[in-house]
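K.L.:
when you get a sec, could you give me coordinates for this:
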Amino acid sequence: MNYTEQINEISNYFRQNEKKHNNVKIGVEFEYFIIDKNTLKTISYYGKNGVHDTLKKLTLKGYKGSYEGEHILGLIKDYICVTLEPGCQFEISIGPLPEIKEIEAQYLSFLDDLIPLLEQNNQALIACGYQPQSTISDIKMIPKKRYDYMFEYFKSCGSLAHNMMKGTASVQYSFDYESEKDYIKKFKVSNALSPVLYAIFDNSPIFEGEVYQKHSLRTNIWSNCDLDRCGIVDGALSAEFNYDSYSQYILTRSPIFIPKGDIIQDVKDSTYRDLFNPNQYNTEDLEHILTMSFPDVRTKKFIEIRMIDSLPYPLNFSALALLKGIIYNKTNLNKVYDFIQGITTDAITDAKQEIIDHGIHTRYHGKPIIEIANWLLKLALDGLESDEVGYLMPLQDILMQCKTPSTITKERLQMGMNKIDALSFCIVTNTNQTRGERNECRTNNRRVCQCH
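P.N.:
This is a model prediction of the structure:
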């Protein structure tokens, strides 16, 4: 098959999904663990009051179930899509929608439906980057063929690949691009900010039931997963990077498997270049291939930012507001693009390793990461519309203290708190009190954090 034609066809897919400036939107994916309130252990998909039962109950509230065989594995309603990750992590996808407040309204409405069902069974939704009590040997895989193939494939990959599948949870944010030039700028900025986002949103204080003694566990896990399809895309910061570059990245990786109706075809020994016929394919096949690589920043119909740990509400909306205030404000995007000039993929990779030891105090591109974070926060405060500035307040407060969610939990544990109390701020609730506290946050307080 002609390699140039293959590249052109995939690049044309990206080109066809460009959006007009007045039609750009945002999307989110929030991953959680459903836990037993008394033990913090993951609730299995299986058995009485398992996640299977919870999904079934939600279908009685107007959600349409999605199934694999007899097993309900997801839900859809309006702008909400629920799916399950391999270790039964509970993923809530919302959007695309134009405004943060629209995303938030959908999110809170879904929590109104979900949380009472969990409370009936003494269960809760917890936002942590890694499961806080269960070990991966305790966690059963959900009954999904795709994940069985991936689990087998990852046996021959990095030492923490199965930890990634069953033990981690994240938030992911999606942003549109308007042209190839706009895509290149947004993609490069998102990649260059990778160490900063890993560090400031570190929310993984526990690994396999024990306190994690370093920082940014997510960085460590993804660095020991599958280097061929994780991390920073080859040449992402090079002057030549464009749609074709990402197309080549996809073509030179194995899709692992390709679904053909109810059959899954094992293709782990082939690259997509060996398989892709640009003159005879369907869009669903291509979109599957685009999801089978897991870099920090991924290209699909949009740019997907993937390196942030699962965050509790409302900090998950702070991260969204920070990114929107940079990526969708052209002045800010240009300022950050100018700042990252000279950063290489090697420099990003080195910084990601440094933050494991030094966290937010790691020096990156000549500055401590905490200083870069403060600057980005100030840009976002200036770049967002006035009704969205308040979403940044939880992030501003935590940076003012020179802390991360992970260090807050560890400090609480060092003070003698038990694990359940130390992680209480990571439990997702949706009471009227929580909403009131969230609304009080929405001020125009523009203190910028100082940390030395």
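K.L.:
where exactly do the helices run in the stretch 351-452 of the chain?
P.N.:
Using DSSP state H, counting those that start in this stretch, the helices of the stretch 351-452 of the chain run over residues 369-383, 393-400, 405-414, 419-422, 432-441.
K.L.:
out of those, which is closest to Lys324?
P.N.:
In terms of C-beta to C-beta, the element of the helices of the stretch 351-452 of the chain nearest to Lys324 is helix 369-383, at 7.7 Å. To be clear about C-beta, it is placed using only N, CA and C from the backbone, and glycine gets the same treatment.
K.L.:
distance from the closest one to the middle of the chain?
P.N.:
Taking the mean of its C-alpha atoms, helix 369-383 sits 20 Å from the chain's own mean (C-alpha atoms, centre = their mean, to the nearest Å).
K.L.:
other SSEs contacting that helix?
P.N.:
Of the remaining helices and strands, those touching helix 369-383 by 3 or more C-beta pairs under 8 Å, 6 or more residues apart in numbering; DSSP states H and E are helix 194-200, helix 315-327, helix 330-339, helix 393-400.
K.L.:
got a list of contacts for stretch 409-418?
P.N.:
Residues from elsewhere that reach stretch 409-418, judged by C-beta atoms under 8 Å, 6 or more residues apart in numbering: Pro205, Ile206, Val211, Lys403, Lys419, Asp421, Ala422, Leu423, Cys426.
K.L.:
neighbour count, pLDDT and distance to Ile136 for those residues - can I get that in TSV?
P.N.:
Below are these laid out as TSV (neighbours: other C-beta atoms under 10 Å; pLDDT from 0 to 100; distance: C-beta to C-beta, whole Å):
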residue	neighbour count	pLDDT	distance to Ile136
Pro205	28	99	17
Ile206	24	99	13
Val211	14	99	17
Lys403	20	98	28
Lys419	18	98	18
Asp421	12	98	25
Ala422	22	99	22
Leu423	26	99	19
Cys426	25	98	19
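K.L.:
need the residue closest to the centroid of the chain.
P.N.:
Gln172 (2.7 Å; C-alpha atoms, centre = their mean).
K.L.:
neighbours around the closest residue to Pro312 other than its chain neighbours, how many?
P.N.:
Nearest residue to Pro312, sequence neighbours excluded (C-beta to C-beta, 6 or more residues apart in numbering): Ala127, at 4.2 Å. A count of neighbours around Ala127, defined by other C-beta atoms under 10 Å, yields 25.
K.L.:
what does Val189 give?
P.N.:
Neighbour count of Val189, defined by other C-beta under 10 Å: 22.
K.L.:
where's it, which helix or strand?
P.N.:
Using DSSP states H and E, Val189 maps to helix 180-192.
K.L.:
pull the CA atoms of that helix into CSV?
P.N.:
In CSV, the C-alpha atoms belonging to helix 180-192 read as follows (Å, rounded to 0.1, in the frame of the first residue of the first chain):
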residue,chain,number,x,y,z
GLU,A,180,-3.5,23.0,10.7
LYS,A,181,-1.5,26.0,11.9
ASP,A,182,-3.8,26.4,14.9
TYR,A,183,-3.5,22.6,15.6
ILE,A,184,0.3,22.7,15.5
LYS,A,185,0.4,25.6,18.0
LYS,A,186,-2.1,24.0,20.4
PHE,A,187,-0.5,20.6,20.2
LYS,A,188,3.0,21.9,20.9
VAL,A,189,1.8,24.0,23.8
SER,A,190,-0.1,21.1,25.3
ASN,A,191,2.9,18.8,25.1
ALA,A,192,5.3,21.4,26.4
